[in-house]
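Novice: what shape does this take:
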Amino acid sequence: MKRREFITLLGGAAAAWQLAARAQQAMPVIGFLDIRSPDAMAGRLRGFRLGLKDNGYVEGDNVTITYRWAENNFDRLSELAADLVRRRVAVIAATGSPLVAFAAKAATATIPIVFLVAADPVRLGLVASLAHPGGNLTGVNFLSGELVAKQLELMRELVSPATRVAVLVNPANVTRSESSLREAEAAARAMALQIQVVRASTSREINAAFASFEGEQRPDALFVASDAFFSSRRIQIVQLAAFHKVPAIYSEREDCEIGGLMSYGSNIIDAFRQVGIYTGHILKGAKPADLPVMQSSKFELVINAETARMLGLTVPPTLLARADEVIE
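Specialist: Now for the predicted structure:
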């Protein structure tokens, strides 16, 4: 190769590298903040990325995602949110708990925030209204507490006659646990059920909660409240329910996929997809104040028939007919 051709080749390569570097620098960065650890989030992240893809964004191709995980340590949220702000991300996706959204909100009044919460975001004080959020926050409200009565009704239909139901809540998540108990107590009164409240915010306390079910304190069934910490400990909870032979209903289908008896709740994967959609809209220039809070509208009933048989339960045909999925 001649010297002039070699120099030309080098010049072309250098120009290509510079273009690639500038493209990399121009790639928008999403900050993703969650209370859990990444090993509990595979399906949810898949939903989030699908929502981004609906807007033409693919991680690694034309958008970067910077993840920050609190590992179920609420005290770390402020520090992690502040770190994302220092990195000047284009938008923050705040999921896993209202406390995540509040940490992001406290960290910035200018960077757009897309939250995912189970409680009413207006009542929480995150937005001014569902139709007109105002400020730099909007997001998705997936129903959870509002479904407690339906979940108890389904459990009593499967476990008949059930008169005493234990309700497992996480006292560290005050807003969520108070909402779950309020809904459960109201539903129990209407159905003439006795409620036995058990609280756990650590792995050891979950073990103690199930140990308390022996003897006279044994409930006919267990309702596991929707909570990010319980999601991260789903294997432990499902295994303990099986060991103690306690029929349990959950809010998330993943619990049934690993052996839980029954779940009824919002389609959480679709809710994360909606968060991805709104995040994509904002990357394209939309303002959070102009994006109404979305209400999750997909619900699913999942029954693990094998677990029912192991517990000596016969699933009524009417319940099987209403199930979105029956796991054999």
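Novice: buried stuff in stretch 100-116?
Specialist: With burial defined by 16 or more other CB atoms under 10 Å, the residues of stretch 100-116 counted as buried are 100-105, 107-108, 111-116. Where you see a C-beta, it was placed from the backbone N, CA and C, and this is true even at glycine.
Novice: return the alpha-carbon coordinates of it using PDB.
Specialist: Listed next in PDB are the C-alpha coordinates belonging to stretch 100-116 (Å, rounded to 0.1, in the frame of the first residue of the first chain):
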ATOM      1  CA  VAL A 100     -39.000   5.900  45.100                       C
ATOM      2  CA  ALA A 101     -41.100   8.500  43.400                       C
ATOM      3  CA  PHE A 102     -40.800  10.800  46.400                       C
ATOM      4  CA  ALA A 103     -37.000  10.400  46.500                       C
ATOM      5  CA  ALA A 104     -36.800  11.300  42.800                       C
ATOM      6  CA  LYS A 105     -39.100  14.300  43.300                       C
ATOM      7  CA  ALA A 106     -37.100  15.600  46.200                       C
ATOM      8  CA  ALA A 107     -33.900  15.300  44.100                       C
ATOM      9  CA  THR A 108     -35.000  17.400  41.100                       C
ATOM     10  CA  ALA A 109     -37.700  19.800  40.100                       C
ATOM     11  CA  THR A 110     -36.600  20.000  36.500                       C
ATOM     12  CA  ILE A 111     -35.700  16.500  35.200                       C
ATOM     13  CA  PRO A 112     -38.900  14.600  34.100                       C
ATOM     14  CA  ILE A 113     -39.900  11.700  36.300                       C
ATOM     15  CA  VAL A 114     -42.100   8.800  35.300                       C
ATOM     16  CA  PHE A 115     -43.400   6.900  38.300                       C
ATOM     17  CA  LEU A 116     -45.200   3.600  38.800                       C
END
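Novice: distance from it to the middle of the chain?
Specialist: 17 Å (CA atoms, centre = their mean, to the nearest Å).
Novice: now swap in stretch 75-84 and tell me
Specialist: Remark: stretch 75-84 is offset 19 Å from the chain centroid, using CA atoms, centre = their mean.
Novice: so for that stretch, mean pLDDT?
Specialist: The average pLDDT within stretch 75-84 is 97.
Novice: which residues are in contact with it?
Specialist: The contact list for stretch 75-84 (CB atoms under 8 Å, 6 or more residues apart in numbering) reads 31, 33, 35, 66, 68-70, 92, 94, 99-100, 103-104, 106-108, 111.
Novice: one more pass at 6 Å, please.
Specialist: If you take CB atoms under 6 Å, 6 or more residues apart in numbering as the criterion, stretch 75-84 is touched by 31, 33, 68, 70, 92, 103-104, 107.
Novice: which of those sits closest to residue 240?
Specialist: Within these, the smallest distance to residue 240 is 24.4 Å, found for residue 70 (CB to CB).
Novice: got a list of what that closest one touches?
Specialist: Contacts of residue 70 by CB under 6 Å, 6+ apart are 35, 76-77.
Novice: one more pass at 10 Å, please.
Specialist: Residues in contact with residue 70 (CB atoms under 10 Å, 6 or more residues apart in numbering) are 33-37, 76-81, 96-97, 99-100, 103, 228.
Novice: give the contact list for the nearest residue to residue 131 once chain neighbours are set aside.
Specialist: Nearest residue to residue 131 in three dimensions, chain neighbours excluded: residue 292, at 5.0 Å (CB to CB, 6 or more residues apart in numbering). Going by CB under 10 Å, 6+ apart, residue 292 touches 127, 129-133, 138, 278.
Novice: just residue 279 next, same as before
Specialist: 28, 30-32, 48, 51-52, 55, 57, 63, 65, 90-93, 112-114, 139, 286.
Novice: let's see that with 8 Å instead.
Specialist: Contacts of residue 279 by CB under 8 Å, 6+ apart are 30, 48, 51-52, 91, 93, 114.
Novice: in TSV: those residues, plus distance to residue 282 and pLDDT.
Specialist: Shown next, in TSV, are the contacts of residue 279 (distance: CB to CB, whole Å; pLDDT from 0 to 100):
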residue	distance to residue 282	pLDDT
30	9	98
48	14	98
51	12	98
52	11	98
91	5	98
93	10	98
114	7	98
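Novice: narrow those to those in helices?
Specialist: Among these, the members falling in helices (DSSP state H) are 48, 51-52.
Novice: quick one: the strands in the stretch 51-200 of the chain?
Specialist: With strands called from DSSP state E, counting those that start in this stretch, the stretch 51-200 of the chain shows them at 64-69, 91-95, 113-117, 137-141, 164-169, 194-199.
Novice: which other residues reach the fourth one?
Specialist: Applying CB under 8 Å, 6+ apart, the set of residues contacting strand 137-141 from outside is 94, 101, 105, 112-121, 126-127, 130, 271, 274-275, 278, 288-289, 291-296.
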